[in-house]
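Novice: Make a model of this:
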Amino acid sequence: MPLKEDLQEAVAEILSEQWPRPPDGRFVPEPEDLGLGNYAVNLQATVLYADIAGSTSLVDSEPAHFAAEVYKSYMVCAARIIKNEGGSITAYDGDRVMGVFIGKLRNSSAVEAALKTNWAVRHLINPAIKKQYGDKEYQLKHVVGVDTSPIFACRIGVRNDNDIVWVGRAANYAAKLSSIKEPDRIFITGEVFEAMNERAKFGGEPKQLMWTERTWTGMNKMRIYSSGWARGL
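Specialist: Purely as a prediction, here's the structure:
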């Protein structure tokens, strides 16, 4: 069958096929857990995006091997921290990693992962770069975005080449928050802030609020919170 007719038939089938009522997911699915048809699961999930800031200038100005080392260092730290806090790695997208958290403590766990990733950048990655490449002035910067919402998870792609798409506000907003270019390195929505526990809100001795309420002018003046704090491992 010619490609045009093949694609027309595929799109028509997708749009006409009925979706069975999605069950409530009790775990973060892998692609093989879902069929390629119109099948999905519903999740109450918190999504975290950890993103390297200034990656374009990094690859434009530095040797490829150095940029790759920075990418790999950031990804291994962020991914292991996400998993250590109970999250699931659902995507590596160039210079960023996506984590999904479910369960009663999903908001607190995601924020703890963000705070610890911030610490890893400051106290592990950048000192290691300085130790290895003392002549370089490069300092890794990053941004973490976190949001929570219902998620409709379904499988997309073709046989032997497919993945899960995470349909819902949290995935989109977390990604957009991780693109904010400001001195603070962590941005969360008001819903995340209200749901997380006291440990995720307060730090230092004596205890003080780690978060500043903001207005997200680029998203209909939505209430968000930002922080430059870090939590040690």
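
Novice: just for the protein, where's the confidence low?
Specialist: Low-confidence segments of the chain (pLDDT under 70): 1.

Novice: Just give the nearest non-adjacent residue to the residue positioned nearest the centre of the chain, would you?
Specialist: Central residue of the chain (Cα atoms, centre = their mean): residue 49, 1.7 Å from the mean position. Leaving aside its chain neighbours, residue 49 sits nearest to residue 178 (4.0 Å; criterion: Cβ to Cβ, 6 or more residues apart in numbering). C-betas here are computed from N, CA, C, even on glycine.

Novice: Would you agree that neighbour is in contact with residue 171?
Specialist: No - look at residue 178 against residue 171 with Cβ atoms under 8 Å: they stay out of range, at 11.3 Å.

Novice: and residue 83, what helix or strand is that in?
Specialist: Element membership of residue 83 [criterion: DSSP states H and E] is helix 64-84.

Novice: Mind checking what helix or strand follows that helix in sequence?
Specialist: strand 88-93.

Novice: before we move on, back to that, extract the CA atoms of the helix holding residue 83 and return them as PDB.
Specialist: The C-alpha trace of helix 64-84 is given here as PDB (Å, rounded to 0.1, in the frame of the first residue of the first chain):
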ATOM      1  CA  ALA A  64      31.800  17.600  22.000                       C
ATOM      2  CA  HIS A  65      33.400  15.300  24.600                       C
ATOM      3  CA  PHE A  66      33.200  17.900  27.300                       C
ATOM      4  CA  ALA A  67      29.600  18.700  26.600                       C
ATOM      5  CA  ALA A  68      28.800  15.000  26.600                       C
ATOM      6  CA  GLU A  69      30.500  14.600  30.000                       C
ATOM      7  CA  VAL A  70      28.400  17.400  31.400                       C
ATOM      8  CA  TYR A  71      25.200  15.900  30.000                       C
ATOM      9  CA  LYS A  72      26.100  12.400  31.400                       C
ATOM     10  CA  SER A  73      27.100  13.800  34.800                       C
ATOM     11  CA  TYR A  74      23.800  15.700  35.200                       C
ATOM     12  CA  MET A  75      21.600  12.900  33.900                       C
ATOM     13  CA  VAL A  76      23.200  10.300  36.200                       C
ATOM     14  CA  CYS A  77      22.800  12.500  39.200                       C
ATOM     15  CA  ALA A  78      19.300  13.700  38.500                       C
ATOM     16  CA  ALA A  79      18.000  10.200  37.500                       C
ATOM     17  CA  ARG A  80      19.500   8.400  40.500                       C
ATOM     18  CA  ILE A  81      18.100  11.000  42.800                       C
ATOM     19  CA  ILE A  82      14.600  10.700  41.200                       C
ATOM     20  CA  LYS A  83      14.700   7.000  41.600                       C
ATOM     21  CA  ASN A  84      16.000   7.200  45.200                       C
END
